[in-house]
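**Student:** can't give you the sequence, but here's the structure:
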């Protein structure tokens, strides 16, 4: 929907006249990956605008600095781990200069502080709850059945932007595909334990694939968390010469490593979003979470889930991954 004021503003303003835009994305690395198509299209539609990205202090890893001009920071937590108070949030929100347009891609209590206190001429969002529409001049519907990166583009479609498909993430120059390594990468971590497929199942899956694809390297990525060393997955397989354990790499090295791999098998997590943004083939393992919002409808991506959202069997993940890899590459 759009209020009358918004329609009047849009009727009298041209994209070339817009000078300042803020995008609110208070989230982690996976969410920074899936806003890249939006930021690229935003720059194209508003060529003269300075683009500011508002982030939260404790989630600044993987910010798309190549696509923005400024960073605005808000704090959800204090140094001691306690939540920040209203006075601090108001102070940080008011540090954002007056904007022509502000896009809220978070829809949280913290982002609404910024929306309510900003002096933007036009406020656009995609709120989960209908009552929150009152904070915005323009709002688009958020669906659990449409890829989130596409829903973000609806914020530009409603302004008249003709966006591209398939989605373009703009990583080919930063992380060019220089090799075609016969390598399948596995990541068994996630932001919360409830999203983690059982480690024993990951071990069984990699064991089967190491036999089925003997000429491939099968690499278990370690994560930064204490519970993401994955030794219980690797140690039963360490006698296999084509199974490897990869220690944590800087993000730039990891991105290059992924883009030169053939497939990524992962839980619903930031690493999988990195693979998607690099336009490499991915297989996502889902349970307790509806997959459609995180599943690009392209031939190089697939998901495994059960209709009752219980943990998938090893055979289901094996068959889906095998079909994808066999379709895209010679064995």
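**Tutor:** Here it is on my side, so go on. The structure displayed is predicted, hence computed values, not measured ones.
**Student:** At which residues are the strands of the stretch 101-250 of the chain located?
**Tutor:** Assigned strands in the stretch 101-250 of the chain, in chain order: 101-104, 122-125, 138-139, 183-187, 217-221, 243-246 (criterion: DSSP state E, counting those that start in this stretch).
**Student:** Of all those strands, which one comes closest to residue 229?
**Tutor:** Shortest distance between residue 229 and those, using Cβ to Cβ, is found for strand 243-246: 8.6 Å. Bear in mind the C-beta positions are built from the backbone N, C-alpha and C, glycine included.
**Student:** Can you tell me what sits against whichever helix or strand comes after that closest one?
**Tutor:** Where DSSP states H and E defines the elements, the next helix or strand beyond strand 243-246 is helix 251-259. Contacts with helix 251-259, where a contact means Cβ atoms under 8 Å, 6 or more residues apart in numbering, come from 29, 61-62, 171, 174-177, 185, 221, 246, 249, 264, 274-275, 278, 280.
**Student:** Quick one: work out the angle between helix 251-259 and strand 183-187.
**Tutor:** Between helix 251-259 and strand 183-187, the angle comes out at 130 degrees (axes from the mean of the first three to the mean of the last three Cα atoms, to 10 degrees).
**Student:** Now do helix 251-259, average pLDDT.
**Tutor:** In this model, helix 251-259 has an average pLDDT of 96.
**Student:** got the buried residues for that helix?
**Tutor:** By 16 or more other Cβ atoms under 10 Å, the buried positions in helix 251-259 come out as 254, 255, 256, 257, 258, 259.
**Student:** Let me know the closest of those to residue 268.
**Tutor:** Among those, and counting by Cβ to Cβ, the member closest to residue 268 is residue 258, at 16.5 Å.
**Student:** where does the residue of the chain most remote from its centre land on pLDDT?
**Tutor:** In the chain, counting by Cα atoms, centre = their mean, residue 239 sits farthest out from the average C-alpha position, at 35.0 Å. For residue 239, the model assigns a pLDDT of 97.
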